[in-house]
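A.B. asks: A structural model of the following input is requested.
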Amino acid sequence: MTPPRPILRIGWALHRAIFAASGGRLGTTRPGRRVGTLFLLARGRTTGTVRRTGLFYVEEGPAFAVVASNAGRDAEPGWWLNLRANPYADVEVGRQRIAVRAREATDDETASLWPRLVAGYPEFEAYRRNATRRIPVVMLEPRSG
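C.D. replies: Residues are numbered from 1 along each chain as shown. Take a look at the predicted model:
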């Protein structure tokens, strides 16, 4: 069951605070068999302000696969709208900051990644089942330069 939105916001705020206070040593993880946590830094499409968003992910080669679920709500998450307007962003994983380019996963990629994402965070399946919109998987691919 998905917690109420205010609880989710408080949880992610605490997560960001732990990450900042520890200098990146705590608050993100590399996944083993489950999902990891990263922070996405994407520029707002209307304000131009860089926004930091905590997301669960699985690794797919050098890329990070995340789910634009918005906790199962029918509205697209703001971070995904921002990336569709400007796909260039950064991710923070531990003490690493990686420049990435976002794109929606292909149908084949989604079919391959979805079981891994759900195994790591079963709520994704409930989100997909309850939403009236299609919930995309987003690939955050490292960019050179």
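A.B. asks: so residue 143 makes contact with residue 102?
C.D. replies: No. Using CB atoms under 8 Å, residue 143 is not in contact with residue 102; the gap is 10.2 Å. (Each C-beta comes from the backbone N, C-alpha and C, glycine too.)
A.B. asks: Common neighbours of the two, please.
C.D. replies: residue 88 (CB atoms under 8 Å, 6 or more residues apart in numbering).
A.B. asks: Looking at the two, which one has more neighbours?
C.D. replies: Legend: neighbour count by other CB atoms under 10 Å for residue 143 and residue 102, higher for residue 102 (24 against 13).
A.B. asks: dump the residue contacts of the more buried one.
C.D. replies: 42, 83, 84, 87, 88, 89, 138, 139, 140, 141.
A.B. asks: Restricted to buried residues, select those residues in ChimeraX.
C.D. replies: Here is the ChimeraX command that selects only those of the contacts of residue 102 that count as buried (16 or more other CB atoms under 10 Å):
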select :42,83,84,87,89,138,139,140,141
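A.B. asks: Mind picking the two most distant members of the contacts of residue 102?
C.D. replies: 84 and 141 (15.1 Å; CB to CB).
A.B. asks: Tell me where the longest strand sits in this structure.
C.D. replies: strand 50-60 (DSSP state E).
A.B. asks: buried residues in it?
C.D. replies: For strand 50-60, by 16+ other CB under 10 Å, it's 53, 54, 55, 56, 57, 58, 60.
A.B. asks: and the residue most central in space within the chain, what does it touch?
C.D. replies: For the chain, residue 55 is the residue whose C-alpha lies nearest the centre (CA atoms, centre = their mean; 3.2 Å). Applying CB under 8 Å, 6+ apart to residue 55 gives the contacts 37, 38, 39, 40, 66, 67, 79.
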